[in-house]
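*Asks:* next come a sequence and a model predicted from it.
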Amino acid sequence: MMYVPKILLKRLSILVLAFGLVGLVGYLESHPIHSASLTTVSVTLSNPRLSFRGALGSGNTEGSSVVTINTTQGAYPSTSSAQLVQGDTVLIGESSSLGSYTVASTSSLSTFTISSALAAGDIDAGDDVISTQSADHTVRFSTANAIANGRFRILVPALEDDGAAADGIPDGGFFDFGTSAPTVTCPDDVNGDDYDFVAGVATASAITIDGTSYHAFECAYSGAGAVGTDFDNSSQDAILISSLINPAPKSNHTTGTADSHKVIVQHLDSNLVVQDTTTVSVGVIEAVRVTASVPAQITFQILGLAAGTSACGVTTDVTTTASSVPFGEVSISAFNDAAQSMNVSTNAVNGFAVTAIENDQLGLNGAACAGDPTITSNTSCIADARGDNGTMADGTSDEWNTSSNKGFAYSLHDVNTSTTEAFSYNESARTFSARQFADAENSGTAQTIFSSTGPADNHNLYVCYRLIPGVTTAAGNYENNVTYTATATF
Amino acid sequence: MNRIIRTILLATIVLLNLYLVLPISLASAQSAPIDLSVSPPTEYIQVAPGKSISHTVTIEQHGSLPLRITPSIVDFASDGETGQPVLQFEKGSSFRYLKIKNPDVQLGQPFSLNPGQKKQIVFQIEPPSEAVQGEFPLTLLFTAQPPTENTIGTGSQVSGMVGSNLVVLVSTGQTDKGKLVLEKIRAPRLVDSFGSLAFSLLAKNNGRNATTASGSATITNWQNQIVAEYTFYPDMILAQTSRLLRHGQSVESDAADNITADFKYKPAFLIGPYTITASLNENGLENQSQSLLSIRVFAFPFSLLIVTLLGVVLYFCYRFLVLHASSKND
């Protein structure tokens, strides 16, 4: 075995290491930073609506506020008024003399109405119909490499540079630059030496890649750059491109489906060579039209209330349903109380009224109680009460708080002060102010119990029933029918 | 032994079911509301004799149990002041030219409507060529009741009815045959200077069809300056009926609460003669003939005068009593 002196081995190692370092430096010099992708890239549009670029159809007339558009598929980028919404500004006419109008409504896909009348020169078939939608683009990303004295460039799809790409009129499938350059707001400087930005620059149809033109928006900087700097509007500012005109629909556009457009975000070095690049998609779509039909209507609700409910200043004794007030076996020495709840909602402009009427006074097994009997004059009826002062009637209230005054009556309690009731249980400092039900058998006419003079949102009222038979009242079941009617005020 | 255990088990299950289900059924029946809506609440239509027109009413059940709905028609009259319809239950309807087109719905016959169900009732209005021309205010009523009658012992059965007003004009002519006139200005002739000048206006439609009110009322002072002006709210006044005119209390008068039939002018101090003048367009259109009415109201500080007089009387009484007492002492 050959002997190699230790010192020689050491020097050889140093030599190999030195050569290796020199070689690595040379390699790096001849092979600059590897191209990579910017990360966390997004482009957000402040307004994702499609612009409208269509034309008038035939049949438009001067002075009309109804505009008919050409709906022939493929004839123009926009062939459906679904793209328009109330309040949009729309330009109509020949390209040299466009009249400005405001969209009042869109009723069908072929027509829309405007808030003023069509002028004489704005009615010819084929005249332009243009409604521009503009958006601010917020571009967020994170750097992949530290590139000294470089620039960030955002490329947005554009028409070929024939003038139409920057005429302020929306282009089918492409963003229009506008007649004046959009503002590019670059981020504030980062860490002093890393990114020191100059003013942003916008150039219409500046770049062509694979046959597609792009508007270019650049933010150049001096400084060393840094890896992983987040231009996300949180850590650092994002790049903002203001007021770029949104595309009109692509030729194969489907209503309700977003048109997708590729936006390229690039990081260039000082020689304007692209080092990092990432492509993202943005979508533009029609405004979502929410429609709802609200018919004029009136809704009436009757609810039963459980026993023990506090209503009209008393606690009820029996549970009622929506369709019955079952007093059951009643006391002859104390009041028997029950209650129901009524609600009315209506959008009728003049409001509503609810009336009440009974078919007859409470008769034994539902038999007739002719005329207006008293408790003593007809012992087969529980007659309508007369009140403590004997003045109670179907249109006149009276206090009824003495159980020796027999009969049947009702009171009202506007429990949440939502409506206008005919009277109230505690009116005139009374404890239980009550009225008789209008008696249809005795030619009574239905009496209004609550009402409103305008639209009503859940106007709510308790109707409180009170009954006490006389000691001479014949034993048995006593019944009648009470009808509540809700109608709109005309 | 097994049979006994099986029987006990079965009985337990049956009892448990009864225990669990029965209260729920009762509770459901108890809480199930009558809840019904109709659309439209009010509609005005015109039809010529010998012609036909249809009118659709939509009825929707919002309750939680099925209901029996019984359609009926009654005439309604104006209450003469507020526009609330007064339904003529006892008379029914005198309008014979209206029928229901739905094959499964008849007047006076109940049909079932399930919770959440909506049904459109189509009414055909077909006055013959010899029909009397005029305006017919009707209410299309829908009575809601549970599917089975309750046995309640002593108590009241309750029915809920909801109505859709339909004002039918049978006429060959145009609908601008309204003729509104101001009938009355209701106001006191004397008012206290510290009070308010309040009044109301009653209008009548002597024409052949319902017409909306339009016009204004003003108050002028002794210098002939207009101190208050009110624009009438466009309420509908039916043919051959009266109605109190209403106005918005302020410019922002869209809120229903601001629409009122009470006209009130209340400055810090009223004095002298005031003239209330009302001008109502006869057929609801501007620049047409107008019905005019005015009255004069006199404002004077009566309360001040009474207080002064009372003071004078008290003073003389006091003087009299003092003199009487001193003469007695003498």
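*Replies:* That came in fine, so what should we check first? Residues are numbered from 1 along each chain as shown, chains lettered A, B, ... in the order given.
*Asks:* surely residue B:60 touches residue B:35?
*Replies:* No: the criterion here is CB atoms under 8 Å, and residue B:60 misses it with residue B:35 at 9.1 Å. (Each C-beta comes from the backbone N, C-alpha and C, glycine too.)
*Asks:* and the stretch 151-300 of chain A, which residues reach chain B?
*Replies:* A:295-300 (CB under 8 Å from any CB of the partner chain).
*Asks:* filter those residues down to the buried ones.
*Replies:* A:296-300 (16 or more other CB atoms under 10 Å in any protein chain shown).
*Asks:* one step back: which of the residues of the stretch 151-300 of chain A next to chain B lies closest to residue B:206?
*Replies:* Lowest distance from residue B:206 to these (CB to CB) belongs to residue A:296, with 28.8 Å.
*Asks:* give me the pLDDT value at that closest one.
*Replies:* At residue A:296, the model reports a pLDDT of 90.
*Asks:* neighbour-wise, which of residue B:60 and residue B:35 wins?
*Replies:* Legend: neighbour count by other CB atoms under 10 Å in any protein chain shown for residue B:60 and residue B:35, higher for residue B:35 (23 against 18).
*Asks:* can you tell me the centre-most residue of chain B?
*Replies:* Nearest residue to the geometric centre of chain B (CA atoms, centre = their mean): residue B:84, 2.7 Å.
*Asks:* so that residue sits against residue A:448, correct?
*Replies:* Yes: counting by CB under 8 Å, residue A:448 is a contact partner of residue B:84 at 6.5 Å.
*Asks:* which neighbours do the two share?
*Replies:* Residues touching both residue B:84 and residue A:448 (CB atoms under 8 Å, 6 or more residues apart in numbering or on different chains) are residue A:353.
*Asks:* my guess is residue A:464 contacts residue A:408. True?
*Replies:* No: using CB under 8 Å, residue A:464 is not in contact with residue A:408; the gap is 11.9 Å.
*Asks:* contact partners for residue 297?
*Replies:* All of this refers to chain A. Contacts of residue A:297 were listed using CB under 8 Å, 6+ apart, and they are A:346-348, B:37-41, B:58.
*Asks:* switch to chain B, that's the one I care about
*Replies:* B:187-191, B:197, B:199, B:273-276.
*Asks:* can you get me a residue count around the residue of the stretch 351-490 of chain A found nearest chain B?
*Replies:* For the stretch 351-490 of chain A, the residue closest to chain B is residue A:454, as judged by CB to the nearest CB, at 1.7 Å. Residues near residue A:454, counting by other CB under 10 Å, number 18.
*Asks:* surely residue B:260 meets residue B:247?
*Replies:* Yes: counting by CB under 8 Å, residue B:260 does reach residue B:247; the two are 7.0 Å apart.
*Asks:* who has more neighbours, these two?
*Replies:* A direct count of neighbours by other CB under 10 Å for residue B:260 and residue B:247 places residue B:247 higher, at 21 against 18.
*Asks:* what is the neighbour count of the closest residue to residue A:296 other than its chain neighbours?
*Replies:* Spatially, and ignoring its direct neighbours in sequence, residue A:296 is nearest to residue B:40 (4.5 Å; CB to CB, 6 or more residues apart in numbering or on different chains). Other residues near residue B:40 come to 18 when the count uses other CB under 10 Å.
*Asks:* state the distance from the residue lying closest to residue A:91 once chain neighbours are set aside to chain B.
*Replies:* Spatially, and ignoring its direct neighbours in sequence, residue A:91 is nearest to residue A:98 (4.0 Å; CB to CB, 6+ apart). Residue A:98 is 37 Å from chain B, where distance means CB to the nearest CB, to the nearest Å.
*Asks:* OK, contacts around residue A:98?
*Replies:* Here residue A:98 is in contact with A:91-92, A:122, A:128, A:130 (CB under 8 Å, 6+ apart).
*Asks:* quick one: which two of these are the most distant?
*Replies:* A:122 and A:130 (11.7 Å).
*Asks:* cheers, nothing more for now.
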